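Undergrad: Turn this into a structure:
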Amino acid sequence: MNDHLKNRYLFTVASHKIFMELNSLRTTSHKGKITAENNVKVMIKYNSYFQPTKEGTRYFLLIELAKFFEKDSQLSLYGILGYMEKNINVLGRKHYEEFHKDKTYLLTGIDTYESLTQDDILRFRRRLKANREKIITLKGYRDQYIAHDDLKKKKYVINSRDVSVLLKIVRDIIDFNENKFEKASTDYNNFESVPVKNVGKLFKDLREYDKFRKEKWRSK
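TA: Prediction:
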């Protein structure tokens, strides 16, 4: 369960980073006046590619993020917390050692292992409850503007800050669950900083290609 959710989260957070970078590439405050202006020229020139790509990443981000907050799905945050609650008695140090007795590398630092408690679960449930309006807005926007094209739509406004807050909740619960089962942590670099660098490299390559093509045309 956790591996499935973690993989979904990794691609969701990557789409968020890509979408945000595509937005910031044309802002002078992030890239400087000259670079931002050149990036805008690239976007206009290859608009038939970048516009669908940008919208595609936005749609993917919101659809996949909303899946984490489906109360009736086992493959959601509620599913993880429900599983923890049902198995709270076996998610302790003793059972962890027994389960991983053949994997000595997972027993390193076992003295620092903390058993799951009801307070741990309640802490996450409180966070979900505290962000209930953000979750309702996300799912409402997905249902009426992305998954379906309703004629009569309720106005939903979801901003980047709300998305970041919800992504952080997803990450914290997945990481916590993974730590209890394998006392492990995930390196998110390949899905956070790398996609941003790749977008920047793509624009740089396109700018260089246009420059090369113009010089080649002038030399004729």
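Undergrad: Could I get the phi/psi values of residue 187?
TA: For residue 187, the backbone dihedrals are phi -90, psi 110 (criterion: degrees, to the nearest 10).
Undergrad: Now do the same contact list for it.
TA: With contacts defined as C-beta atoms under 8 Å, 6 or more residues apart in numbering, residue 187 is in contact with no residue. For glycine as for every other residue, the C-beta is placed from the backbone atoms N, C-alpha and C.
Undergrad: confidence score at it?
TA: On pLDDT, residue 187 comes in at 84.
Undergrad: right, and residue 206 touches residue 42 too?
TA: Yes. In this structure, residue 206 sits in contact with residue 42. The criterion is C-beta atoms under 8 Å, and the distance is 5.0 Å.
Undergrad: By residue count, what's the longest helix in this protein?
TA: The helix that spans the most residues within the chain, counting by DSSP state H, is helix 189-218.
Undergrad: what ranges do the helices span in the protein?
TA: According to DSSP H, the helices that the chain contains are 2-24, 28-31, 33-45, 47-67, 77-86, 93-99, 118-130, 132-141, 160-182, 189-218.
Undergrad: mind giving me TSV with those helices and columns for distance to residue 150 and mean neighbour count?
TA: Output for the helices of the chain, formatted as TSV (distance: least, C-beta to C-beta, whole Å; neighbours: other C-beta atoms under 10 Å):
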stretch	distance to residue 150	mean neighbour count
helix 2-24	23	18
helix 28-31	35	12
helix 33-45	30	15
helix 47-67	16	16
helix 77-86	26	18
helix 93-99	48	13
helix 118-130	26	13
helix 132-141	10	17
helix 160-182	21	17
helix 189-218	32	13
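Undergrad: Run the chain-centre distance for stretch 76-88.
TA: Taking the mean C-alpha point of stretch 76-88 and that of its whole chain, the gap between them comes to 21 Å (C-alpha atoms, centre = their mean, to the nearest Å).
Undergrad: All further residue positions should be reported with the first residue as 50.
TA: With 50 as the first residue, the last one maps to stretch 125-137.
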